[in-house]
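Participant: Predicted model, plus sequence, below.
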Amino acid sequence: MSDDIIVLKELSKIYGNGVEVIALNKVSLTIKAGEFVSIVGPSGSGKSTLLNLIGLLDTPTNGQILLKGIDVSRASPDERARLRNRELGFVFQYHHLIPEFSALENVMIPMLIAGKSKSEARERASEYLKAVGLEDRLKSRPNQLSGGQNQRVAVARALVNHPSIVIGDELTGNLDTKTSDMIYELLRDLNRKINQTFILVTHDMTLAEKTDRILRIVDGKLVCELLRQDDGFRTTELCDLGEDGGKINLK
Amino acid sequence: MTAVALAVSISIFFTSLANGSQALLTDIVIEKLPHIAVSPKEDEDYIYLYRSLIDKIGSLKGVQSSAYSLTTTATLAFEDKTRNAGLKGVVPEDEDQIYKISESMVQGDFSAVLGGKRVVVGKKLAEDLGLKMGDRLEASFPRAKNTSLTVAGIFDTGTPLDESVAFVSLKTAQDFQNEGDVARTIEVRIDDIYQAEPLARQISLTGYEVQSWQETHPEIRRSLSVGRFWTRISVILVMIVSSLGIANSMTMRVMDKTREIGMLMAVGARRRNITKIFLIESGLLGLLGSVVGCFLALLAIKIVGNFSFEIEAAGSEITTIPLTINPWDFPAFSLLAIALCLLAGIYPAIKASRLDPVEAIKG
Ligand SMILES: Nc1ncnc2c1ncn2[C@@H]1O[C@H](COP(=O)(O)OP(=O)(O)OP(=O)(O)O)[C@@H](O)[C@H]1O
Ligand SMILES: [Mg+2]
């Protein structure tokens, strides 16, 4: 088995209620285990659509998704649920914590769904809450925490099951620079230590520039790919960087 | 939850009320009415062989007691007043088994009728005629032998008997009618009043006319069954309305929780996990509502049970609203409510589990 953790083959997503919208147009892409990838692009270009497909939340109209070499593009809802639970961690722009549950209980949910014991779940959940700097807020409810703190709880929830892939859609969108940096450092640390794969959609170019690989999507097409090399980035193909790519230091 | 609580409490309360009034009616039947009445054969005026017939009836299973009597209409006159009433010749001891006259005596003794030409009259009749103990009244009727009777007792049962019947001994009644040893009616009291009809059928095999209390008092039977019918209808209606309420509030809840459902799906919850969560929630709603409902019902029964009022028809007795609490109603209606909640929760729960995770997360 190769270390290609995700392979997309000519992946398309077409929304068709009334007018057809081609949200994703024949995207082919390979992501290796342990890569730290960011996806950028203008609003409505299909970033979230791509992420939802990789995250097995959505099913493609055409094309294939291979997860660890296995075609999962036509898996049943329950099979996809199982894979999301074991292999994937999600963070969205809004945290979607369960308001009736404490921070600790929210983080425990994925482990309990995975069938882990309560004590084990409690232990690991507190460990991750500590890692995001919330060790003294374990018992707090989401309405007792700030937006940034809730987002950190959501990050802990995404990481707690040791997923091989963590995907984030604008996960630092609502955070200040300091918290955003702190979360990035945490993710980067895990990436180095246990070789977790990260795929983040972001509008924040400073964050994107810290990652290993930047994918730029416009109108549902992968138009540009930048790979980190030493201090800067090199393009793999002809690249139209457009508005938000201009500042990137090319070699 | 409020809907369930109200449904359960209303159901229990109404059922108790209905049971209460039914118990009151059944009590009247059990205590104050003969359960079965036997009359002469179709083409005869009297029951001639009443002694052997009463032995036969007495040997039937479920028969408590029976009494024979001879009743005729008579015009009773005292001073310048007259009244028509039933002159009923009885054996006081047996008659007591059916009508409990001895318990209702205000003056004198019921068994005093045995001492010759004596009469025991109801309080109302005595007032109408202006009778006192020891007064002599004249009984007459076309083709009957005029007889003067001494008032030996006055009773007050609180029923129409008080103005329509005057008791004499069987012998006195037979003499008044110029008849030998005959009776016209045998009245029977049985153990279980709902066995009256089969027992009546059994007795009618002898060829005599037999009527159960359901036939002699169709209005009581009607109000018993009508009461039961309406109680059931209102319980069903209340339960249906509250189920709709539950279904509605669970649907709202699913809509409310869409984002969280999406998130749970994203972290790997399966469809049936989601279904289960919402089913458990409606079940808990039902359970909680039932517990509150039971307390509300108890409270309502306590409050209403303490109102007292006067019933004119039953002879101006001070009574309270009849409520009969059947303890089994509480678990029964609670279980019914919980089951209905689960049923009402199925559709919203399945709807929740069928949400598309992507759409759900967007909210
Ligand atoms: N459920 C849907 N039905 C129809 N069209 C949709 C649906 N979801 C997304 N689209 C369309 O697909 C395209 C891509 O949407 P997507 O959400 O992936 O954009 P995005 O790159 O994430 O944008 P943003 O940066 O604003 O989040 C858009 O044109 C959008 O209108
Ligand atoms: Mg998006």
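Facilitator: Sure thing, it's come through. Ligands and ions are numbered 1, 2, ... in the order given.

Participant: Doesn't residue A:38 belong to a strand?
Facilitator: Yes. Secondary structure of residue A:38 (DSSP: H, G, I helix; E, B strand; the rest coil): part of a strand.

Participant: can you list contacts of stretch B:226-245?
Facilitator: The contact list for stretch B:226-245, computed with Cβ atoms under 8 Å, 6 or more residues apart in numbering or on different chains, reads B:3-4, B:6-7, B:10-11, B:14-15, B:18, B:21-22, B:333, B:336-337, B:340-341, B:343-344. Backbone N, C-alpha and C define where each C-beta goes, glycine included.

Participant: how about a cut-off of 10 Å?
Facilitator: For stretch B:226-245, the external contacting residues (Cβ atoms under 10 Å, 6 or more residues apart in numbering or on different chains) are B:1-12, B:14-19, B:21-22, B:25, B:286, B:289, B:293, B:329, B:333, B:336-337, B:339-345.

Participant: mind giving me the domain split of chain B?
Facilitator: Split into domains by automatic domain parsing, chain B comes to B:2-27+B:220-362, B:34-216.

Participant: for the longest one, what is the average pLDDT?
Facilitator: For domain B:34-216, the mean per-residue pLDDT is 89.

Participant: In three-state terms, label the closest residue to residue B:117 other than its chain neighbours for me.
Facilitator: Distance criterion Cβ to Cβ, 6 or more residues apart in numbering or on different chains; nearest residue to residue B:117, sequence neighbours excluded, is residue B:149 at 5.3 Å. What three-state DSSP gives for residue B:149 is strand.

Participant: Next to chain A in this structure, residues from chain B, please.
Facilitator: Residues of chain B found near chain A (Cβ under 10 Å from any Cβ of the partner chain) are B:257-274, B:353-354, B:356-363.

Participant: which residue is nearest the centroid of chain A?
Facilitator: residue A:167 (1.2 Å; Cα atoms, centre = their mean).

Participant: part of a helix, is that residue?
Facilitator: No. Counting by three-state DSSP, residue A:167 falls outside a helix, being strand.

Participant: Just to check, it is in contact with residue A:92?
Facilitator: Yes. Look at residue A:167 against residue A:92 with Cβ atoms under 10 Å: they come within range, at 9.4 Å.

Participant: shared neighbours, those two?
Facilitator: Counting by Cβ under 10 Å, 6+ apart, the residues touching both residue A:167 and residue A:92 are A:51, A:158, A:201, B:266.

Participant: nearest to residue B:136, of the residues you listed?
Facilitator: Taking Cβ to Cβ as the measure, residue B:136 lies nearest residue B:266 of those, at 102.8 Å.

Participant: and the closest one, how many neighbours?
Facilitator: Residues within reach of residue B:266, counting by other Cβ atoms under 10 Å in any protein chain shown, total 29.

Participant: just to revisit the earlier point, how many neighbouring residues does the residue nearest to residue B:117 have?
Facilitator: If you count neighbours by other Cβ under 10 Å, residue B:149 ends up with 25.

Participant: quick one, helices of the stretch 151-251 of chain A?
Facilitator: A:177-194, A:205-210, A:242-245 (DSSP state H, counting those that start in this stretch).

Participant: remind me which residues of chain A are low pLDDT?
Facilitator: A:1-2, A:236-251 (pLDDT under 70).

Participant: residues of the helix or strand containing residue B:83 that come out buried?
Facilitator: Residue B:83 belongs to strand B:81-90 when assigned by DSSP states H and E. Across strand B:81-90, burial judged by 16 or more other Cβ atoms under 10 Å in any protein chain shown covers B:83, B:85, B:87, B:88, B:89, B:90.

Participant: next one: stretch B:211-231
Facilitator: Residues of stretch B:211-231 classed as buried: B:211, B:212, B:213, B:214, B:217, B:220, B:221, B:224, B:227, B:231 (neighbour count, 16+ other Cβ under 10 Å).

Participant: Tell me the spacing between the closest residue to residue A:144 other than its chain neighbours and residue A:152.
Facilitator: Of all residues not flanking residue A:144 in the chain, residue A:137 sits nearest, at 7.9 Å (Cβ to Cβ, 6+ apart). Counting by Cβ to Cβ, to the nearest Å, the gap from residue A:137 to residue A:152 is 9 Å.

Participant: Next: residue A:25.
Facilitator: 35 Å.

Participant: With neighbour numbers in mind, choose between those two.
Facilitator: Set residue A:25 next to residue A:152 and count neighbours by other Cβ under 10 Å: residue A:152 wins out with 28 against 17.

Participant: For the more buried one, which non-adjacent residue is closest in space?
Facilitator: Leaving out its chain neighbours, the residue that sits closest to residue A:152 by Cβ to Cβ, 6+ apart is residue A:132, at 3.9 Å.

Participant: and what of residue B:201?
Facilitator: Leaving aside its chain neighbours, residue B:201 sits nearest to residue B:210 (7.6 Å; criterion: Cβ to Cβ, 6+ apart).

Participant: Surely that neighbour is in a strand?
Facilitator: Yes. Residue B:210: assigned to a strand according to three-state DSSP.

Participant: Just grab the bridge partners of it for me.
Facilitator: residue B:38 (DSSP bridges).

Participant: What of residue B:183?
Facilitator: Residues in beta-bridge contact with residue B:183 (DSSP bridges): residue B:47.

Participant: before we move on, the earlier item: taking the residues of chain B next to chain A one by one, which sit in strands?
Facilitator: With strands defined by DSSP state E, no entry of the residues of chain B next to chain A lies inside them.

Participant: Just the buried ones from those residues?
Facilitator: Among those, those classed as buried by 16+ other Cβ under 10 Å are B:257-271, B:274, B:353, B:357-358, B:360-361.

Participant: ok, now which ones touch the closest residue to residue A:228 other than its chain neighbours?
Facilitator: For residue A:228, ignoring the flanking residues on the chain, the nearest one in space by Cβ to Cβ, 6+ apart is residue A:212 at 4.7 Å. Residue A:212 makes contact with A:32, A:34-38, A:188, A:191, A:198, A:226-229, A:233, according to Cβ under 10 Å, 6+ apart.

Participant: Please repeat the previous calculation with a cut-off of 6 Å.
Facilitator: A:35, A:36, A:228 (Cβ atoms under 6 Å, 6 or more residues apart in numbering or on different chains).
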